[in-house]
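K.L.:
sharing a sequence plus its predicted fold:
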Amino acid sequence: ALRRAAAAPWPPDPLLGEVVRRLEAGATVAAAAGAVGLGARQLHRRSLAGFGYGPKTLARVLRLQRALAMIRQGTPYAAAALAAGCADQAHLARETRELAGTTLSDYAASAKSETPQPSGSRTTA
């Protein structure tokens, strides 16, 4: 996203920041579009230009990010799914597989193993 923004010949669309804030808060795409004064087609075109995908995909990505942040903090899968806005744990599992290319359990295991080494050494005394 940063490379795309740096290469763009124009500044970022200011309305898209508000759309992201609303979608992060759990608003529907239609509600976010209406709040910034855009129709669904206008929002879709501007989202494609700004993010590389449509607003519905953006909403899915943001929902997944909310759920995975809770899982990293130790929230059970089902509770994280519901709190993030998924219908159930199976919905979250499908979204994780489709958007992140991994399973929930593999994600949780890798999140726990991302603890940095205490020093530059990989050996122990």
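P.N.:
That came in fine, so what should we check first?
K.L.:
what residue ranges in the protein score low on pLDDT?
P.N.:
1-2, 4-5, 114-125 (pLDDT under 70).
K.L.:
buried ones in the longest helix anywhere in it, by neighbour count?
P.N.:
Counting residues, the longest helix in the chain under DSSP state H turns out to be helix 55-72. For helix 55-72, the neighbour count (16 or more other Cβ atoms under 10 Å) marks 55, 58-64, 66-68, 70-71 as buried. (Glycine included, C-beta is placed from N, CA and C.)
K.L.:
quick one, helices of this structure?
P.N.:
Shown for the chain, the helices assigned by DSSP H span residues 2-7, 14-24, 29-35, 40-51, 55-72, 77-84, 89-95, 104-112.
K.L.:
what angle do the last one and helix 77-84 make?
P.N.:
Interaxial angle of helix 104-112 relative to helix 77-84 (axes from the mean of the first three to the mean of the last three Cα atoms, to 10 degrees): 90 degrees.
K.L.:
tell me which other helices or strands helix 104-112 touches.
P.N.:
Secondary-structure packing of helix 104-112 (3 or more Cβ pairs under 8 Å, 6 or more residues apart in numbering; DSSP states H and E): helix 55-72, helix 89-95.
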